[in-house]
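# everything below, folded, please.
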Amino acid sequence: MALRIPIRRRRRTKMIATLGPASSTPEVIERLFRAGADIFRLNFSHGSHEDHAARIATIRAIEKKTGRPIGILADVQGPKLRVGKFAGGRVQLQTGQSFRLDLSPVPGDVRRVQLPHPEIISAARIGTTLLLDDGKLRLGVTRQRDDHLETEVLVGGALSDRKGVNVPDVVLPIPALTAKDRADLAFVLEQGVEFIGLSFVQRPEDVAEAKAIAAGRAWIMVKMEKPQAVEAMDGILDEADCVMVARGDLGVECPPEEVPLIQKRIVRAARARGLPVVVATQMLESMISAPTPTRAEASDVATAVFDGADAVMLSAETAAGSFPYEAVNIMDRIVARTEQDPGWRAITDSNRPEPRHTSSDAIAAAARQVASTVEAEAVAAFTSTGSTVLRVARERPAAPILGLTSNEATVRRLALVWGVHPMLSREPSSMTDMVSKAVHAAQAEGFATTGDEVVVVAGVPFGTPGTTNALRVAVVG
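As a prediction, this is how the structure comes out:
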């Protein structure tokens, strides 16, 4: 039998690629993985359960073939708000005209259309802004009644059937999980995905509800895409397992000049908590139809890396674009080149959050310092739930992190975490066995050779979640 060549990324920042019509065959999905995708995203706004089940089976087959763990992110749709239909399919609204939004299902015209969301009508007030079709049209509420809103068209344009509605000014009394989302959650939890993307979160309670349903079977990735979520960020991040800066809807509901600053705030807040954080949406948007990105897009990816994101994400570029492989390949190259720059390491070190006042975080901070002092080739961290590895990754050591676990779900989740090379490993039976397993893993995956040093971190007793209390320096024999 031919020897398996270990797959090692040449970068620490991870990559998520969205699957769709352009990337649904086993051949394309495997090619994207080998090119650099660490996590695959399934967008439950599109496709049937059968479609997604087939892609999950394909990913698991690639995982088995390559011997490398691959994470799967199931992104549920959330409460998508839309207008109704028009008699002619579309209308042209003029700036300054009046336009009514009501509950009547009668097809609309240039004077009115259905808004099948009484929650918006009841929550709106005079002066409330409504954004239609990803913010292309803007309405201002001039009168509010029980069954309709009278508005003035502030920015006109063409409006067609079922276009989306955003309400940036108001916390809407709607749950983050719809009936469709609950059915999708039941399906993906049964399928054993690692991450659930929670859309249109407004309050910490939205996250708590999803976590209760997941019951530890998947990490909840909160998508920060509404101003209300940014305002409630501390409470939301306290509930989340990981977080995504979802700049698509965030850019619709917030002024464009605020989005880069919000991105940096969210990344800093997540980093301080040790939560994996993803920067997403329109990163290489031009590659939907072009084989190369713009210079501004390349700079945008590099900025996310400098900010300290755990991962960057491709959406339509790989799901529906003409060049999915090229998009993954160039993003891999941009990230790897950015991390080779001396300024990146200097910024990473200067932005490191202070260790929290726990013995576990003290051990993680010490592991980074010891690895730097002895110039270790790797930091090997044993974990059952992932918490030990997350603590070490929070420190952003210069040495690569080997995330060693006997838990299959955990090893796949660690595919998202900055700097981590996740590996399945049997639970150590003793400190001597722990060191032996760490050294063997470092050698087997090509991180260390005879005479090199490896820093080893674990929690004792072994297999006890939440304990990180042991540190050793091992020499590869």
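# going forward, measure contacts between C-alpha atoms and count neighbours the same way
Fine.
# any idea how far Trp418 lies from Glu395?
Distance, Trp418 to Glu395, by C-alpha to C-alpha, to the nearest Å: 10 Å.
# typo on my end, it should be Gly96
When distance is defined by C-alpha to C-alpha, Gly96 is 54 Å away from Glu395.
# which of those two has more neighbours?
A direct count of neighbours by other C-alpha atoms under 10 Å for Gly96 and Glu395 places Glu395 higher, at 25 against 13.
# quick one, strands of the stretch 151-300 of the chain?
157-160, 165-166, 195-198, 219-224, 242-246, 277-280 (DSSP state E, counting those that start in this stretch).
# what pairs with the fourth one, parallel or antiparallel?
Strand partners for strand 219-224, identified by DSSP bridges, are recorded as strand 195-198 (parallel), strand 242-246 (parallel).
# centre of the chain to the shortest one, how far?
A distance of 8 Å separates the C-alpha centroid of strand 195-198 from that of its chain, computed with C-alpha atoms, centre = their mean, to the nearest Å.
# hmm, who's touching that strand?
Identification of contacts with strand 195-198 by C-alpha atoms under 8 Å, 6 or more residues apart in numbering yields 71-78, 176, 207, 210, 218-223, 413.
# repeat that with 6 Å
Strand 195-198 is contacted from outside by Leu73, Ala74, Asp75, Val76, Ala218, Trp219, Ile220, Met221, Val222, Lys223, using C-alpha atoms under 6 Å, 6 or more residues apart in numbering.
# equivalent analysis for the longest one, please.
The set of residues that contact strand 242-246 without belonging to it, under C-alpha under 6 Å, 6+ apart, is Met221, Val222, Lys223, Met224, Glu225, Leu275, Pro276, Val277, Val278, Val279, Ala280.
# quick one on the thing from earlier: adding distance to Pro260 as columns, could you present the strands of the stretch 151-300 of the chain in JSON lines?
Formatted as JSON lines, these follow (distance: least, C-alpha to C-alpha, whole Å):
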{"stretch": "strand 157-160", "distance to Pro260": "27"}
{"stretch": "strand 165-166", "distance to Pro260": "20"}
{"stretch": "strand 195-198", "distance to Pro260": "21"}
{"stretch": "strand 219-224", "distance to Pro260": "13"}
{"stretch": "strand 242-246", "distance to Pro260": "10"}
{"stretch": "strand 277-280", "distance to Pro260": "11"}
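# rebuild those as JSON lines, extending it with mean neighbour count.
Converted to JSON lines, those look like this (neighbours: other C-alpha atoms under 10 Å):
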{"stretch": "strand 157-160", "mean neighbour count": "17"}
{"stretch": "strand 165-166", "mean neighbour count": "21"}
{"stretch": "strand 195-198", "mean neighbour count": "26"}
{"stretch": "strand 219-224", "mean neighbour count": "27"}
{"stretch": "strand 242-246", "mean neighbour count": "25"}
{"stretch": "strand 277-280", "mean neighbour count": "28"}
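# could you provide those in TSV, with additional columns for mean pLDDT and distance to Asn351?
Shown next, in TSV, are the strands of the stretch 151-300 of the chain (pLDDT from 0 to 100; distance: least, C-alpha to C-alpha, whole Å):
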stretch	mean pLDDT	distance to Asn351
strand 157-160	97	44
strand 165-166	95	35
strand 195-198	98	27
strand 219-224	98	22
strand 242-246	98	19
strand 277-280	98	15
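# show me this protein divided up by domain.
The record's domain parsing of the chain by automatic domain parsing lists 14-78+175-341, 90-166, 359-475.
# make CSV from these and add distance to Arg8 to it.
CSV is the format used below for the domains of the chain (distance: least, C-alpha to C-alpha, whole Å):
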stretch, distance to Arg8
domain 14-78+175-341, 9
domain 90-166, 39
domain 359-475, 8
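# one step back: with respect to Glu445, which of the strands paired with strand 219-224 lies nearest?
In terms of C-alpha to C-alpha, the element of the strands paired with strand 219-224 nearest to Glu445 is strand 195-198, at 26.0 Å.
# for Pro293, find the nearest of the strands of the stretch 151-300 of the chain.
Once those are compared by C-alpha to C-alpha, strand 277-280 is nearest, at 15.6 Å.
# CA atoms only for the one helix or strand in the chain whose mean pLDDT sits lowest, dumped as CSV, please.
Every helix and strand of the chain was ranked by mean pLDDT, DSSP states H and E. The lowest is helix 247-253, at a mean of 92. Output of helix 247-253 as CSV, limited to C-alpha atoms (Å, rounded to 0.1, in the frame of the first residue of the first chain):
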residue,chain,number,x,y,z
ARG,A,247,-20.5,41.6,6.3
GLY,A,248,-23.3,41.1,3.7
ASP,A,249,-26.3,42.0,5.8
LEU,A,250,-24.2,44.0,8.2
GLY,A,251,-23.2,46.2,5.2
VAL,A,252,-26.9,46.6,4.3
GLU,A,253,-28.0,47.7,7.8
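# who are the packing partners of that helix?
Applying 3 or more C-alpha pairs under 6 Å, 6 or more residues apart in numbering; DSSP states H and E, we find helix 247-253 packed against no helix or strand.
# just the residues contacting that helix, thanks.
Asp134, Gly135, Pro168, Glu225, Lys226, Thr281.
# okay, now the unreliable bits of the chain?
Scanning the chain for pLDDT under 70 picks out 1-6.
# what do you get if the cut-off is 50, keeping everything else the same?
1-3 (pLDDT under 50).
# in stretch 344-362, what's buried?
Neighbour counts over stretch 344-362 (16 or more other C-alpha atoms under 10 Å) mark Trp344, Arg345, Thr348, Asn351, Arg352, Pro353, Pro355, Ser360, Asp361, Ala362 as buried.
# kindly reformat those as a markdown table containing secondary structure and distance to Ser286.
Formatted as a markdown table, the buried residues of stretch 344-362 follow (DSSP: H, G, I helix; E, B strand; the rest coil; distance: C-alpha to C-alpha, whole Å):
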| residue | secondary structure | distance to Ser286 |
| --- | --- | --- |
| Trp344 | helix | 26 |
| Arg345 | helix | 29 |
| Thr348 | helix | 29 |
| Asn351 | coil | 31 |
| Arg352 | coil | 33 |
| Pro353 | coil | 35 |
| Pro355 | coil | 40 |
| Ser360 | helix | 44 |
| Asp361 | helix | 42 |
| Ala362 | helix | 44 |
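# in the residues you listed, find the pair that's most separated.
Trp344 and Ser360 (26.9 Å).
# how about stretch 131-140 as CSV, C-alpha atoms only?
Only the C-alpha atoms of stretch 131-140 are listed here, as CSV (Å, rounded to 0.1, in the frame of the first residue of the first chain):
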residue,chain,number,x,y,z
LEU,A,131,-34.4,48.9,3.4
LEU,A,132,-35.5,46.8,0.4
ASP,A,133,-33.6,44.5,-1.9
ASP,A,134,-30.3,44.6,0.0
GLY,A,135,-30.5,48.3,0.7
LYS,A,136,-31.0,49.4,-2.9
LEU,A,137,-34.3,51.0,-2.0
ARG,A,138,-34.9,53.0,1.2
LEU,A,139,-38.3,53.8,2.7
GLY,A,140,-39.1,56.1,5.6
